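Enquirer: Here is my input, please return the structure:
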Amino acid sequence: MTRHRALPLATLLLLALGVGAWLLVQPLASPFVAPSAERVQVFEVRAGEREISYRVLRPEEGWQTQVMQRLRQTGWQLARDRYAWGDTEDYVPTYTRVTQMWLVRVDERAQLLGSRDEALVKVERRLSIQWR
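Expert: Presented below is the predicted three-dimensional model:
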């Protein structure tokens, strides 16, 4: 095989690996859904962005707390927000997670929005290939 043929083949192989990894890491909506949820809707906003909304049957159980506990169990961390203190009215809990699989890095971010009765979770996922 000549060098001119090897480069496109290697590029195609890396692209296939990246797409395969992307499909593999597409998460289920379940970690973002509280147990007392009904009318769950998942919207693909655009590639890598998803919105999950639902009504909470038992708001006294705190859907955000339940989702937060699930996220922490799977490696998500609360993003540091230097503006969070003193502005609890507008504060949006945001969680992040970074996963590295060989050359593929996945950066994820989830925002827990909504009210006590209505949940809205915005999930963003960015995929990149790390050469170094």
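Enquirer: who touches Gln66 in this structure?
Expert: 34-35 (CB atoms under 8 Å, 6 or more residues apart in numbering). Using the backbone N, CA and C atoms, a C-beta is placed for each residue, glycine as well.
Enquirer: chain center to the host helix or strand of it: distance?
Expert: Using DSSP states H and E, Gln66 maps to helix 63-73. In terms of CA atoms, centre = their mean, to the nearest Å, the centre of helix 63-73 is set 13 Å apart from its chain centre.
Enquirer: Show me which parts of it are buried, residue by residue.
Expert: Under the neighbour-count criterion of 16 or more other CB atoms under 10 Å, helix 63-73 has 63-64, 66-68, 70-71 buried.
Enquirer: what's the burial count for the spatially closest residue to Asp117 that is not a sequence neighbour?
Expert: Distance criterion CB to CB, 6 or more residues apart in numbering; nearest residue to Asp117, sequence neighbours excluded, is Pro59 at 5.1 Å. By other CB atoms under 10 Å, 15 other residues sit near Pro59.
Enquirer: Contacts only, for the residue nearest to Gln130 when sequence neighbours are not counted.
Expert: Nearest residue to Gln130, sequence neighbours excluded (CB to CB, 6+ apart): Arg105, at 5.1 Å. Contact analysis of Arg105 by CB under 8 Å, 6+ apart lists 98-99, 127-130.
Enquirer: Now compare the residues you listed and name the two farthest from each other.
Expert: The span of the contacts of Arg105, defined through CB to CB, is set by Val98 and Ile129 at 14.3 Å.
Enquirer: Spell out the secondary structure type for Trp131.
Expert: coil (DSSP: H, G, I helix; E, B strand; the rest coil).
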